[in-house]
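J.: okay, sequence plus prediction incoming.
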Amino acid sequence: MPDAVLTVLIAEDSATDRMLLARIVSKQGHAVLTAENGEQAVALFAEQRPQLVLLDALMPVMDGFEAARQIKALAGEALVPIIFLTSLSEEEALVRCLEAGGDDFLAKPYSPVILAAKIKAMDRLRRLQATVLEQRDQIARHHHHLLNEQRVAKAVFDKVAHAGCLSSPNIRYLQSPYALFNGDLLLAAFTPSGDMHVLLGDFTGHGLPAAVGAMPLAEVFYGMTAKGYGLAETLREMNAKLKRILPVDMFCCALLLNLSFSRRMVEVWNGGMPDGYVLDTDGGEPLPLVSRHLPLGVLAPERFDDSTQVLPLALGQRLFLLSDGVVDTSDDNDQLFGVERLRRVLVANRQPELLFEEVLGALEAFRGCCRDDVSLLEIGIVDPDALSPPPMTYSDSGQCAPLDWSSQFEFRADTLKRFNPLPYLLQLLQEIHGLRTQSGALHSVLNELYSNALEHGVLGLDSALKRDARGFAEYYRQRNERLQALNSGYIRLRLRVEPQGLGGRLIIEVEDSGKGFDVNKVLGRPLVEQGLYGRGLNLIRRLSRHVEWADEGRRVCVEFTWEALA
């Protein structure tokens, strides 16, 4: 690279030395500015902005030390090398030159060879500093651009992620991201029947890469929940989508819940997340919701396990979920906060509204360093009347609703084992504009009818098993076992829609291949004796206009009506 042509400022009070230096620097091919004292040197520098300064230390009006300080201040971040011209030899005087902003010395008498070498060396430093500053500014602009893109993306993501029912009165949550984007994903939404689906997920990594999979996961979660799909179908779809789109080293640990407040039960799937907990109203040992599966996005669809655990719940109980940012918090000795410390906090809690504060206080007392995103979620078990799921929204006007039709289906063993027909049927019924105001009741009733036909009819399960928590777990263990072994049986479902006055009516008939049951005996049992079972039939009677059982309980006919909307 050819030597650069510089503008060099020479400040020397001796006219002879000034002319000598000017001649030496000019012969080296550089432009020269001269000054007789420090004040002139500062003025020339402010006006001409030379790239290098040769500065005599001892000058009248303003000495070289003060001139150097003012020139450095005017130069700002740019490196303008200052070479002091001095006959001083004492160490203290030379140190004073450096402290004033000098970068090198040139002793009298002046050597053209040494001066040329020093100018070249200072120019290399100057260009290196300029390159560093330019690269720093480019990095700063790039960083600002990335942050702005992330803020926009985060605003969009937050609207999607928080589009559900996290603001429900029985939910409290806290999220503390390790980076701008939270790798933890927290979603909650009501099903059409009034149940609540909740997902707490933790993607590998932090920041934007960890949030890449969150958008498609949220899309599947909200879409399938709104259509009435259960956990198994939703889990299979989420796993298949993440397996298809994520790199091989990315996956999502997830804990997914289906909370039924009317039936007082929770269905749980935990794949790689820390244990969640069921907390009793009066304290005591929490019941863990342990991980039994691999995370989402790891297994191919044909190997994915969607089996769930079903547990009974009672009013006042709470579900407490957390991400591993809590238990993996470490202290100065790399000791983890751990599950046992968390469990002690949960057991000691006596004021539910202070639980979050007590967990955070324990983390602070542990003096831990968080190495991951932190999420806490608490869900209270309340009466369903205390919740108000938002009304379903529809994209069509509803003016083209079918008003006079019928259809019938028969679902046999292989279909019953692998397919849930309810979302499909419910979407069909939602095309009837007059039924939309009763969508929650319709979903709940159809879900109860199908569940009773499958569990008590086709599978022959005895609901009396669910009289206590242990029997409840045994009931659902037998349900899964019998369903997998099913090779015969059927559920027939007939739908009939017909005009009635200015409105219409829907008649749903469900028939199963089971042995039947004594309907009057079940309906006549006091609610207090039903314990954890038997609520479904009363729910059907309460939500529908008319219900009638026949064929010893193997067939049930339910009616909904509606009036014409203004």
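T.: Structure's in. What do you need?

J.: list the contacts of residue 287.
T.: By C-beta atoms under 8 Å, 6 or more residues apart in numbering, the contact set of residue 287 is 277, 278, 311. Glycine gets a C-beta too; all of them are placed from N, C-alpha and C.

J.: hmm, the first one is touching residue 290, no?
T.: No. The pair residue 277 / residue 290 is not scored as a contact, 10.1 Å apart, by C-beta atoms under 8 Å.

J.: settle it for me: which of those two has more neighbours?
T.: residue 277 (19 against 12; other C-beta atoms under 10 Å).

J.: contacts only, for the closest residue in space to that one that isn't next to it in sequence.
T.: Once flanking residues are discounted, residue 277 sits nearest to residue 286: 3.8 Å by C-beta to C-beta, 6 or more residues apart in numbering. Taking C-beta under 8 Å, 6+ apart as the criterion, residue 286 is in contact with 277, 278, 279, 280, 320, 343, 346, 347.

J.: are any of those buried, and which?
T.: Taking 16 or more other C-beta atoms under 10 Å as the criterion, what is buried in the contacts of residue 286 is 277, 278, 279, 320, 343, 346.

J.: and which of the residues you listed is nearest residue 36?
T.: For the buried ones among the contacts of residue 286, the residue nearest residue 36 by C-beta to C-beta is residue 320; the value is 80.7 Å.

J.: give the partner strands of the helix or strand that that closest one is a member of in its sheet and their orientations.
T.: Taking DSSP states H and E as the definition, residue 320 sits inside strand 318-322. Strand 318-322 pairs in its sheet with strand 276-279 (antiparallel), strand 374-380 (antiparallel), by DSSP bridges.

J.: could you export it as PDB, CA atoms only?
T.: C-alpha atoms of strand 318-322 as PDB (Å, rounded to 0.1, in the frame of the first residue of the first chain):
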ATOM      1  CA  ARG A 318     -54.300 -24.700  42.600                       C
ATOM      2  CA  LEU A 319     -52.000 -25.900  39.800                       C
ATOM      3  CA  PHE A 320     -48.400 -24.500  39.900                       C
ATOM      4  CA  LEU A 321     -46.200 -24.700  36.800                       C
ATOM      5  CA  LEU A 322     -42.700 -23.500  36.300                       C
END
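
J.: show which residues not belonging to that strand make contact with it.
T.: 198, 200, 255, 257, 259, 266, 273-274, 276-279, 286, 289, 342, 346, 352, 355, 375-381.

J.: and stretch 417-429, by the same measure?
T.: Counting by C-beta under 8 Å, 6+ apart, 192, 224, 227-230, 232-233, 407, 409, 411, 415, 435, 442-443, 446-447, 450, 483-484, 486, 493, 495, 506 sit against stretch 417-429.

J.: what residues sit buried inside it?
T.: 420, 422, 423, 425, 426, 429.

J.: just those residues: which are in helices?
T.: Of these, the ones assigned to helices by DSSP state H are 422, 423, 425, 426, 429.

J.: A helix includes residue 61, no?
T.: No. Assigned with DSSP: H, G, I helix; E, B strand; the rest coil, residue 61 falls outside any helix and is coil.

J.: skipping adjacent residues, who's closest to it in space?
T.: Using C-beta to C-beta, 6+ apart, the nearest residue to residue 61 is residue 37, at 4.0 Å.

J.: element containing residue 143?
T.: Per DSSP H and E: helix 112-161 holds residue 143.

J.: ditto for residue 41
T.: Per DSSP H and E: helix 38-48 holds residue 41.

J.: what's the first helix or strand after that helix?
T.: strand 52-56.

J.: point to the residue nearest the middle of the chain.
T.: residue 185 (2.9 Å; C-alpha atoms, centre = their mean).

J.: partner residues bridging that residue?
T.: Residues in beta-bridge contact with residue 185 (DSSP bridges): residue 201.

J.: now do the same contact list for it.
T.: Taking C-beta under 8 Å, 6+ apart as the test, what residue 185 contacts is 161, 199, 200, 201, 202, 203, 211, 214, 217, 218, 252.

J.: which among the residues you listed gets closest to residue 547?
T.: Distances from residue 547 to the contacts of residue 185, taken by C-beta to C-beta, are shortest for residue 199, at 34.2 Å.

J.: in a strand, the closest one, correct?
T.: Yes. Assigned with three-state DSSP, residue 199 falls within a strand.

J.: and for it, nearest residue in space, chain neighbours not counted?
T.: residue 187 (4.4 Å).

J.: re the thing from before, can I get the contacts of residue 185 in a markdown table including neighbour count and pLDDT?
T.: As requested, the contacts of residue 185 are exported to a markdown table (neighbours: other C-beta atoms under 10 Å; pLDDT from 0 to 100):
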| residue | neighbour count | pLDDT |
| --- | --- | --- |
| 161 | 23 | 64 |
| 199 | 29 | 95 |
| 200 | 25 | 94 |
| 201 | 28 | 91 |
| 202 | 26 | 88 |
| 203 | 28 | 87 |
| 211 | 24 | 69 |
| 214 | 22 | 83 |
| 217 | 27 | 90 |
| 218 | 23 | 89 |
| 252 | 26 | 92 |
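
J.: go through these and name the one nearest residue 167.
T.: For these, the nearest to residue 167 is residue 161 (12.7 Å; C-beta to C-beta).

J.: distance between whichever strand or helix holds residue 188 and the chain's centre?
T.: Taking DSSP H and E as the definition, one finds residue 188 inside strand 184-190. Mean C-alpha position of strand 184-190 versus that of the full chain (C-alpha atoms, centre = their mean, to the nearest Å) differs by 9 Å.

J.: average pLDDT across stretch 140-159?
T.: For stretch 140-159, mean pLDDT is 77.

J.: equivalent analysis for stretch 60-79, please.
T.: 89.

J.: go on, stretch 490-510?
T.: 92.

J.: likewise stretch 424-442?
T.: 84.

J.: outline the domain layout of this protein.
T.: 7-133, 162-386, 405-562 (automatic domain parsing).

J.: ok, and the closest non-adjacent residue to residue 323?
T.: Using C-beta to C-beta, 6+ apart, the closest residue to residue 323 is residue 375 (4.2 Å).

J.: could I get the domains of the chain as TSV with distance to residue 155?
T.: Output for the domains of the chain, formatted as TSV (distance: least, C-beta to C-beta, whole Å):
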stretch	distance to residue 155
domain 7-133	33
domain 162-386	11
domain 405-562	31
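
J.: got the contacts of residue 286 as TSV, with pLDDT and distance to residue 458 columns?
T.: TSV is the format used below for those (pLDDT from 0 to 100; distance: C-beta to C-beta, whole Å):
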residue	pLDDT	distance to residue 458
277	96	35
278	95	30
279	94	36
280	91	35
320	96	36
343	93	41
346	92	40
347	91	43
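
J.: got the residues you listed as CSV, with distance to residue 465 columns?
T.: What follows is these, written out as CSV (distance: C-beta to C-beta, whole Å):
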residue, distance to residue 465
277, 25
278, 20
279, 25
280, 22
320, 28
343, 30
346, 30
347, 30
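
J.: in the protein, which helix or strand is least confident?
T.: helix 527-530 (a mean of 47; mean pLDDT, DSSP states H and E).

J.: what's the first helix or strand after that one?
T.: helix 535-543.

J.: quick one: contacts of stretch 307-314?
T.: So stretch 307-314 is contacted by 231-232, 258-259, 264-269, 278, 281, 287, 289, 292, 381, 466, 469, 472-473, 476, 480, 532 (C-beta under 8 Å, 6+ apart).

J.: let's see it at 7 Å
T.: 231-232, 264-269, 278, 381, 469, 472, 476, 480, 532 (C-beta atoms under 7 Å, 6 or more residues apart in numbering).

J.: just the mean pLDDT for that stretch, thanks.
T.: Stretch 307-314 comes out at a mean pLDDT of 92.

J.: all strands of the stretch 151-300 of the chain, in order?
T.: Assigned by DSSP state E, counting those that start in this stretch, the stretch 151-300 of the chain shows strands spanning 171-176, 184-190, 196-203, 252-260, 265-271, 276-279, 287-289.

J.: just put the ones you listed in a markdown table and tack on distance to residue 94.
T.: Conversion of those to a markdown table gives the following (distance: least, C-beta to C-beta, whole Å):
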| stretch | distance to residue 94 |
| --- | --- |
| strand 171-176 | 54 |
| strand 184-190 | 59 |
| strand 196-203 | 59 |
| strand 252-260 | 64 |
| strand 265-271 | 70 |
| strand 276-279 | 70 |
| strand 287-289 | 72 |
